[in-house]
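Undergrad: For reference, the sequence and a predicted model appear below.
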Amino acid sequence: MSDAEIKSGAQTESKGLPAVASPELAARDAASSPGAKTLDLRPRRRRIMPFLITLAAIVVAVPLGWMMWNVYMVAPWTRDATVRAYVVTKAAEVAGRIVELPVVANQYVGKGGLLMVIDPINYQIAVSQNEAAVQQAQASVQNLDAQIKVQQAQIAVNQAQLDQAQMDLGRYQALKSQNSIAAQQAEDQAYTAMTAQANLNLAQQQLEALKAQKLSAEATLAQAQTQLHQAQVNLERTRIVSPVDGYVTNLLAQVGDYANVGTNILSLVDADSFWVDGYFEETNLAPIRVGDPAQIKLMGYSAVVRGHVDSITRAIDVSNAQPDNQGVATVNPIYTWVRLAQRIPVRIHIDTVPDGVQLAAGMTATVQIDPR
């Protein structure tokens, strides 16, 4: 700075006016002040903050991306899953008019619970008739038993008479050989012995005939007892009970309807048979093993149902394998470059159902398998 500028500044200060510093002096004063370093760091911080934010975002995004990759690409999952259950159909085993229907649609019924009653009057009459037939057949068997006992006693008498006649015949023949009696007496005794033998043979034949009649009567008794049992079974079948613990579904029968044999009357959803069929693409089947834990997310609920892989289906329909009228396979000659992965059903056993979740066959679900 020149001496003239210094003098000019000094004169200005002497007059009480602020001195006007030159740019070089202002820069020198700013550098020598205490807050100069702080002012110089602020632009650097502004440049570092975006880098730190980007680095933090990368640190968070990498594990999240890895988790999402495992969920969507590694861990098998599918949105194409359905809740399923066994449905028991009840058909009338005897025909008749429905006189009682103590259940309503969607009602829970325990195993052995009464579902409906078919008019039992005709079947009660049939039971009574067959009971009478059984009693009559039993009486016939008992009568023949008595006759057989009498005939056996008669045979014993005839046998004794024959033994006595043969003894007398032997004595008479000895006396005849000694000329102690006439020959006619010996011949008469021989005829008596022959008569006793004939009576014994006849009695034995009559006994065999009675035994044959008894066999026939016993067969008639067995047939009557079988018919009685059938009538009793038919009477029991007028009361239709639930074979499982389940829910009545799609109930259309009403009191007064006529139930025909073999016609389905109502259906029951087995409450203990629910499972989930997850339809996985064949490209996702490799890591799935029986016993792997599974998470089931129903469309209408936020709670997760827990289960495990119960089995993997071993066959699906193949359209190209359908035989023609000659029994050979029909193969479609059309081939496209886009090959769609087939979907294979995987059966998921339900282990736990959260409170408030109500399962219904046909519900849509998302299934994720956690390979062990």
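TA: That came in fine, so what should we check first?

Undergrad: Please, where are all the helices along the stretch 51-200 of the chain?
TA: Here the stretch 51-200 of the chain has its helices, by DSSP state H, counting those that start in this stretch, at 121-177, 183-236.

Undergrad: Could you point out which of the ones you listed sits nearest residue 102?
TA: Closest approach to residue 102 among those (CB to CB): helix 183-236, 17.2 Å. (C-beta placed from N, C-alpha, C; glycine too.)

Undergrad: With mean pLDDT as new columns, can the helices of the stretch 51-200 of the chain be given to me in JSON lines?
TA: Below are those laid out as JSON lines (pLDDT from 0 to 100):
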{"stretch": "helix 121-177", "mean pLDDT": "88"}
{"stretch": "helix 183-236", "mean pLDDT": "89"}
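
Undergrad: For residue 61, find the nearest of the ones you listed.
TA: Nearest to residue 61, of the helices of the stretch 51-200 of the chain and by CB to CB, is helix 183-236 at 70.7 Å.

Undergrad: Could you find the closest non-adjacent residue to residue 254?
TA: Distances taken as CB to CB, 6 or more residues apart in numbering place residue 101 nearest to residue 254, at 6.8 Å, with adjacent residues excluded.

Undergrad: Please read the previous query as pertaining to residue 225.
TA: Sequence neighbours aside, residue 134 is the residue nearest to residue 225 in space, at 5.5 Å (criterion: CB to CB, 6+ apart).

Undergrad: Residue 283 now?
TA: Closest to residue 283 by CB to CB, 6+ apart is residue 341, at 5.0 Å.

Undergrad: Now do the SS call for that neighbour.
TA: With DSSP: H, G, I helix; E, B strand; the rest coil as the basis, residue 341 sits in coil.

Undergrad: Point out where the stretch 1-150 of the chain drops to low pLDDT.
TA: Along the stretch 1-150 of the chain, segments meeting pLDDT under 70 span 1-47, 68-75.

Undergrad: Strands of that one, residue ranges please.
TA: 77-84, 87-91, 96-100, 108-109, 114-118 (DSSP state E, counting those that start in this stretch).

Undergrad: circling back to that earlier point, relative to residue 238, how far out is the residue nearest to residue 225?
TA: 21 Å (CB to CB, to the nearest Å).

Undergrad: what does residue 52 give?
TA: 84 Å.

Undergrad: Please say which of those two ends up with more neighbours.
TA: Shown here are residue 52 and residue 238; by other CB atoms under 10 Å, residue 238 has more neighbours (23 against 10).
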